[in-house]
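> Sequence plus the predicted model coming up.
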Amino acid sequence: MLYTICIGSNEHRHDNLALARRRLAERFPGIRFAPEEETKPLFFRRGDLFSNQLARFSSSLSRAEVCSCLKDIEREAGRREGEKEREIVKLDIDLLACGNRVYKPDDWERDYVRRGLEKLETPSPLPTTDY
């Protein structure tokens, strides 16, 4: 099954996205990452910028197993209960789509997601190893 995910952080964002890329690459060989993109917060009053990044990979794991793996990586980055209410997002990894099914249609339509999808759909000339 083909999975599309979005990674985001507004706290130690470059370090946390780097951790996510490493762990995801270990767990899902062949994963492809779109470039990181800085965005303004959509729903927070706190003005800290977010770093966001899309990724796509194939896996024989079920949707539930993939989501469990994503949550484990979030916890490893230090994500804790109640932080989102304080507008702290150390690491958020959302499953946007699995195969042809979109699970987060509002997110799917965001500009930075659309740009990331375009990058993922364009074959890259050389694999990136910046994780």
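Yep, it's here.
> Could you list the residues in contact with the helix or strand where N16 lies?
In the assignment (DSSP states H and E), N16 maps to helix 13-27. Contacting residues not belonging to helix 13-27 are listed as 5, 7, 9, 31, 33, 36, 49-51, 53, 55, 57, 69, 73, 76-77, 90-91, 93, 130-131 [C-beta atoms under 8 Å, 6 or more residues apart in numbering]. C-beta here means a position set from N, CA and C on the backbone, and glycine is covered the same way.
> Check stretch 31-48 too.
10-11, 14, 17, 21, 24-25, 49-57, 87, 112, 115-117, 119-120, 124, 128, 131.
> From the opening residue of it to its closing one, how far?
28 Å (C-alpha to C-alpha, to the nearest Å).
> Equivalent analysis for stretch 76-90, please.
10 Å.
> before we move on, back to that, of the contacts of stretch 31-48, just the buried ones, ChimeraX syntax please.
Those of the contacts of stretch 31-48 that count as buried under 16 or more other C-beta atoms under 10 Å are selected in ChimeraX with:
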select :10,11,17,21,24,25,50,51,52,53,54,55,56,57,112,116,117,119,120
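> Just the ones in helices from the contacts of stretch 31-48, please.
Judged by DSSP state H, the contacts of stretch 31-48 include H14, L17, R21, L24, A25, Y112, R115, G116, L117, K119, L120 as members of helices.
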